[in-house]
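K.L.:
coords please:
(chains A and B)
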Amino acid sequence: MTPAQLSAQLLAIVNAVLERRGATPKTPLTLADVELERPKNREHGDWAANIAMKLAKPLGLNPRELAADFAAGIKAIDGVASVDVAGPGFINIRLDAAAAGALAKTIVEQGEAFGRGTLYDGVTINLEFVSANPTGPIHIGGVRWAAVGDSLARVFQAQGGLVTREYYFNDHGAQIDRFARSLLASYFGEPAPEDGYAGQYISEIKDRVVGAYDGDLAALSREDAQEVFRASGVDFMFGDIKQSLHDFGVDFDVYFHENELHESGAVGRAVTRLRDNGHIFENDGATWLRTTTFGDDKDRVVIKSDGEAAYISGDLAYYLNKRERGFERNIIMLGADHHGYVRRMMAMTSAFGDVPGVNLEIMIGQMVNVMRDGEPVRMSKRAGTVVTLEDLVEAVGVDAARYALVRSSTDSQLDIDLDLLVRRTNDNPVFYVQYAHARTHSVGSKAVASGVDRSAFAPEMLTHETENNLLGVLGEYTRVLVQAAELREPHRIARYLEELAGAYHRWYDSCRVTPLGEDPVTDLHRTRLWLNDATGQVLSNGLGLLGVCAPDRM
RNA sequence: GCCCCCAUAGCUCAGGGGAUAGAGCACUGCCCUCCGGAGGCAGGGGCGGCAGUUCGAAUCUGCCUGGGGGCACCA
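P.N.:
Numbering: from 1, shown residues only, chains lettered A, B, ... in the order given. From the prediction side, this is the model:
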């Protein structure tokens, strides 16, 4: 029995008891209200319900009495071994081994599909992340969003979401000009411009541009040469970025060019739409969007008094474009240095008549500090001291890098010590989880070689303490995925997998799948093989959502 | 001045109101007669401060302190 099935039955019992008592909650109870939790202290049972305590106060009832009423109903559920009321009104439920163990077979039978849900069934989701300017190699700060964003996309897909991974390619701004001038300066052997970029990569890109140009660069005017460096340099840089992201396991469905918005007249259409909605006004020769109507600190200039489009106009047009492409939910992942955008973007959403937080959602993630021997590494594109995605992957490998970046909340700043990761790879818990998976595979093959197979399944025999615990952890997987999706927090999956790996290792330590010596193969061994394989399946499914390999051997 | 994020073990971080606050790494001591010791067991050590809400607060609210980031007709 899965916790979800138990919850559903609990809900029916609670409703029946309340009706009998003539007590009606203000709003009908849902499955979420009767969600079970796994007690930290396993002596409290397999699952605990706090619904009696939640309901007692608003209904003016005694929590323990209420709990006792619920408990009587729960006792009658098939597969429940015992029910106790404890403390202020906890209902502690213990399943019998057969009901708990049945989960192992469910998991094996569902295989890769186990854990999937329907939270976002058929919902079109546009997930925009990374979107680094092609003025240099992608640095480690952007890599955090690559790892988290890609994982989140997988998590949404596992909930039925129709996800598009999108990269907003800013090829319109002044930064691109600075990039071009930096290349040009390198070509002429001049120092990098004051506001430009330096570093080895500039010289390398310059060489590639020169090599690819089938004409005489030297014969061009400085302006024309700069244009060659701009167009060709951006192409090379962008190609490099795509490649390194691909090598990192992240592939985007759409690379959207900002230029397209300006050249297609999309900006004008967006402004017209907003004007029709009554949110545009003119002042000091500029065109403004009245974002203060929707809670922004100040109104925003959309078209500058010189007639040029302000930066936000691209965002307006881009948002409208996404909506016109049919995306119901648009999520943008940005770094903490962009949090100031959130209010104006939400105001803009409202101005279009959409719902902020639903049609547009902006996730702000905190910065990654790269440390070296305990000291922060100062990164500057200008100085060329950037720690890149390639550097990170080269140092620790894709799996360790992705795992390290995805295992903590994006609300927290993250310190990554490169030397630590290189020196002691065990520092990264990814190996703990991967090792557990490799072990399930090894144990499984060894068992099969010894004549153990899955021809019998006797879950009532899974009575060992560590088996009960392992089954309990396996039972949480589905809910963890829903939480990760709802909260946009894939790190929960990583933490869960670490817990599962621990539960597995402890089980392995005390329960054999393969008979000892000349002992005969029994149904207990066969049943344990199901449990072993179920664990391997969940570890594999979970790692897959993080974009990390689940190796059969290490 | 205003806005966002953070403060939990020696270090890096989990803990979306619940019972005795966890993991990895580091440290100490145990466990190899057979399924992978990249493992298991045991131990030390922690919620920045003050109020409030609640039967119950690491979690919610306010204030304070400390750290990071941001507040353009720049992009």
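K.L.:
from memory A:Val83 sits against A:Arg94, does it?
P.N.:
Yes - at 7.4 Å, A:Val83 and A:Arg94 qualify as touching, with contact defined as C-beta atoms under 8 Å. Glycine gets a C-beta too; all of them are placed from N, C-alpha and C.
K.L.:
of those two, who's got more company?
P.N.:
A:Val83 (21 against 18; other C-beta atoms under 10 Å).
K.L.:
all strands for chain A, in order.
P.N.:
A:47-49, A:80-86, A:90-95, A:124-128, A:162-169, A:254-257, A:280-283, A:286-289, A:300-303, A:329-335, A:360-365, A:368-372, A:375-376, A:414-417 (DSSP state E).
K.L.:
as a markdown table, those with mean pLDDT and distance to RNA strand B would be great.
P.N.:
Shown next, in a markdown table, are the strands of chain A (pLDDT from 0 to 100; distance: least, C-beta to the nearest atom of the strand, whole Å):
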| stretch | mean pLDDT | distance to RNA strand B |
| --- | --- | --- |
| strand A:47-49 | 94 | 3 |
| strand A:80-86 | 94 | 4 |
| strand A:90-95 | 94 | 3 |
| strand A:124-128 | 98 | 15 |
| strand A:162-169 | 96 | 12 |
| strand A:254-257 | 94 | 13 |
| strand A:280-283 | 96 | 6 |
| strand A:286-289 | 96 | 4 |
| strand A:300-303 | 96 | 3 |
| strand A:329-335 | 96 | 7 |
| strand A:360-365 | 96 | 5 |
| strand A:368-372 | 80 | 7 |
| strand A:375-376 | 70 | 9 |
| strand A:414-417 | 82 | 4 |
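K.L.:
now those strands as JSON lines including distance to A:Ala231?
P.N.:
Output for these, formatted as JSON lines (distance: least, C-beta to C-beta, whole Å):
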{"stretch": "strand A:47-49", "distance to A:Ala231": "62"}
{"stretch": "strand A:80-86", "distance to A:Ala231": "70"}
{"stretch": "strand A:90-95", "distance to A:Ala231": "66"}
{"stretch": "strand A:124-128", "distance to A:Ala231": "24"}
{"stretch": "strand A:162-169", "distance to A:Ala231": "14"}
{"stretch": "strand A:254-257", "distance to A:Ala231": "13"}
{"stretch": "strand A:280-283", "distance to A:Ala231": "34"}
{"stretch": "strand A:286-289", "distance to A:Ala231": "30"}
{"stretch": "strand A:300-303", "distance to A:Ala231": "26"}
{"stretch": "strand A:329-335", "distance to A:Ala231": "27"}
{"stretch": "strand A:360-365", "distance to A:Ala231": "31"}
{"stretch": "strand A:368-372", "distance to A:Ala231": "32"}
{"stretch": "strand A:375-376", "distance to A:Ala231": "36"}
{"stretch": "strand A:414-417", "distance to A:Ala231": "35"}
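K.L.:
looking at those, which is closest to A:Met554?
P.N.:
Closest approach to A:Met554 among these is made by strand A:414-417 (22.4 Å; C-beta to C-beta).
K.L.:
centre of the chain versus that closest one, how much separation?
P.N.:
Once both centres are worked out by C-alpha atoms, centre = their mean, to the nearest Å, strand A:414-417 turns out to sit 19 Å from its chain's centre.
K.L.:
over to stretch A:166-174?
P.N.:
23 Å.
K.L.:
buried set for it?
P.N.:
A:Glu166, A:Tyr167, A:Tyr168, A:Phe169, A:Asn170, A:Asp171, A:His172 (16 or more other C-beta atoms under 10 Å).
K.L.:
the fifth one contacts A:Glu258, doesn't it?
P.N.:
Yes - between A:Asn170 and A:Glu258 there is a contact under C-beta under 8 Å: 5.0 Å.
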